[in-house]
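# With the sequence up front, the predicted model follows.
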Amino acid sequence: MSIVLYRIDDRLIHGQVVVGWGQPLRVGFIVLVDDAVRASEWEQDLHRMGVPPQIDVVFASTAEAAQRLPEWEADPRPGIVLAGSIDALAALSSNSHRVKRINLGGIHHQPGRSERLRYVYLSDAEAAKLRELAAQGVEITAQDVPTARAVPLEEFV
Amino acid sequence: MSEPLRGVIVSHAAVAQALKSAVAAITGVEDALVSVSNEGCDSGALTARLTAAIGGQPAVLFVDLPGGSCLTSSIRLAKGKSDIALVTGVNLAMLLDFVFHRDLPPLEAARRAAEAGSRAIRTPAA
């Protein structure tokens, strides 16, 4: 399998993704699944600025991602699939049935959310959605950087 | 320009605060720079911190890396605003130059600071 990390991070493409995970995993491409970014070339240019030229960046809507996931899995290079919200990756998981593991890398404070870990804040509805995904067989852990411990979902939800 | 430029250092973790302290220690200038960390922020929270730090004044944003959340939030905030300019790859040398040239227009001050920062990167023989 070519996708080495499915990550939820509301900062989207940033240092922890590109350097923290991208370097040790030697990723060749990053897929950013985000409907708003997919619709804006300006936003796409902005996100490309943070990625070295040897790493390809693919921008996909949630619907496109479900269709193209087999193509990315067949890519010989290691890749990261990145989404900014639980909803986006949950939709990808439900529509493709190919997502086996999800990494929670950064879900920050917003009204209605409470702190579960230093870098994971969840509303009750979001926590329920994660439990639902886990019940479907998806392994969910929180881990901001590779050197940190992967915290299993049941420890913070 | 009647109002001196404000410098806003935007960084990961505590880099911005450390640079601000170093500039104050070297120059004695305490009020030219404001530090913003992205610690614990999504893009909305970081934008709110940046907006507060700029305070409606003409400003130059000094961003740590040429990509990532600090830069993307800064560019979104500066888009279409002629009174805000950006520099990436912030270092101490560029900030030391900036605090003494805050009477320039933002873009000119940003370019000048970038040149000062670039000149400070060398590989001297030991």
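Everything's here; your move. Bear in mind the structure is a predicted one, so any value in this text is a computation, not a measurement.
# Would you check that residue B:3 makes contact with residue B:55?
No - counting by CB atoms under 8 Å, residue B:3 stays clear of residue B:55, with 10.7 Å between them. From N, CA and C alone the C-beta is placed, and that goes for glycine too.
# measure the residue lying closest to residue A:20 once chain neighbours are set aside to residue A:98 for me?
In this structure, residue A:20 finds its nearest non-sequential neighbour in residue A:145, 4.5 Å apart by CB to CB, 6 or more residues apart in numbering or on different chains. Per CB to CB, to the nearest Å, residue A:145 is found 25 Å from residue A:98.
# And residue B:77, by the same measure?
Where residue A:98 is concerned, residue B:77 sits at a distance of 37 Å (CB to CB).
# Kindly report the same for residue B:63.
37 Å.
# More neighbours: the two, which one.
Using other CB atoms under 10 Å in any protein chain shown, the more surrounded residue of residue B:63 and residue A:98 is residue B:63, with 24 against 16.
# re the thing from before, and the residue nearest to residue A:20, how many neighbours?
What residue A:145 shows, counting by other CB under 10 Å, is a neighbour count of 14.
# so who does it touch?
A:16, A:20-21 (CB atoms under 8 Å, 6 or more residues apart in numbering or on different chains).
# Next one: residue 43, what pLDDT does it get?
I'll assume chain A. As summarised for this prediction, residue A:43 has a pLDDT of 94.
# Switch to chain B, please.
Turning to residue B:43, the model gives it a pLDDT of 86.
# Can you classify residue 87 as helix, strand or coil?
Assuming you mean chain A. Assigned by DSSP: H, G, I helix; E, B strand; the rest coil, the conformation of residue A:87 is helix.
# look at chain B instead
Strictly by three-state DSSP, residue B:87 counts as strand.
# Residue A:102 belongs to a helix, doesn't it?
No - counting by three-state DSSP, residue A:102 falls outside a helix, being strand.
# Now do the same contact list for it.
Listed by CB under 8 Å, 6+ apart, the contact set of residue A:102 reads A:6-8, A:89, A:93, A:133, A:138-141.
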